[in-house]
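# next input, structure requested:
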Amino acid sequence: EVVLLVRGVDAGALARSVAAELTSTMDCPVTVGAAGPATSPRELAVAHAEAARCVASLLALGRAGEGASMADLGFVGLLLGEHADLGAYVTATIGPVLDYDERRGTDLIGTLRAYFSCGGNLTKAKDLLHVHVNTVVQRLDRIASLLGEHWQAPERALELQLALRLHRLTSDRTG
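Here you go, the predicted structure:
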């Protein structure tokens, strides 16, 4: 185990960079976990423990040779990290759709919720939304343009569904 203390950088970006550099230098996978910022001895101990959990999480996820911070690990980081920031997780995961809805007065979030609640079945989703199936397809195309083409991949879909649930919970509390 090697511990680096670095001033004023993005922990996740640094972890990715160090992992890539060391992996190429060592000719074997080097997994790097990062945490911070930390400004006191107690915070350093907490950050060290979080970075160690991050490495263990990367290895458990089959991501040996990568670098990340807990924030980079999606819901795994949210669950295992020292500081759970639900709002930041929701924003990072479905923020582009929320922003689009706010700017345009649309409800793509509602379409996304309906799509997932119907198990990805377009016919059931259109019935739930009371629109034509082509409308659902068009909305899903717009969602894909906002979230990226692999938004329906199982791991990404799980992240999105969790973010949708957290968004609903946090919206209900504040609204």
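
# tell me the centre residue of the protein?
G74 (3.3 Å; C-alpha atoms, centre = their mean).

# that one contacts E159, correct?
Yes - G74 is in contact with E159 according to C-beta atoms under 8 Å; the separation is 5.0 Å. For the C-beta atoms, the positions are set from N, CA and C on the backbone; glycine is no exception.

# related to what we said a few turns ago, mind listing what the residue nearest to the centre of the chain touches?
G74 makes contact with 89, 93, 159, according to C-beta atoms under 8 Å, 6 or more residues apart in numbering.

# check D72 too.
12, 15.

# so where's this structure uncertain?
Counting by pLDDT under 70, the low-confidence segments of the chain come to 77-85, 172-175.

# again, 80 this time
Flagging of the chain using pLDDT under 80 yields the residue ranges 1, 8-9, 60-61, 74-88, 169-175.

# just give the nearest non-adjacent residue to L158, would you?
Distances taken as C-beta to C-beta, 6 or more residues apart in numbering place F75 nearest to L158, at 7.4 Å, with adjacent residues excluded.

# what about E159, distance to E102?
21 Å (C-beta to C-beta, to the nearest Å).

# next structured bit after the helix or strand hosting R103?
Assigned by DSSP states H and E, R103 belongs to helix 86-104. Scanning forward in sequence from helix 86-104 by DSSP H and E, the next helix or strand is helix 108-117.

# assumed A68 was part of a strand.
Yes - when classified by DSSP: H, G, I helix; E, B strand; the rest coil, A68 is found to be part of a strand.

# what sits against it?
Contacts of A68 by C-beta under 8 Å, 6+ apart are 12, 15-16, 32-34, 54, 58, 77.

# any idea what it is bridged to?
G33 (DSSP bridges).

# residue farthest from the centroid of this structure?
Within the chain, the residue lying farthest from the chain centre (C-alpha atoms, centre = their mean) is H132, at 31.3 Å.

# nearest spatial neighbour of that one, skipping sequence neighbours?
K126 (6.4 Å).

# do the same with T111
R139 (4.4 Å).
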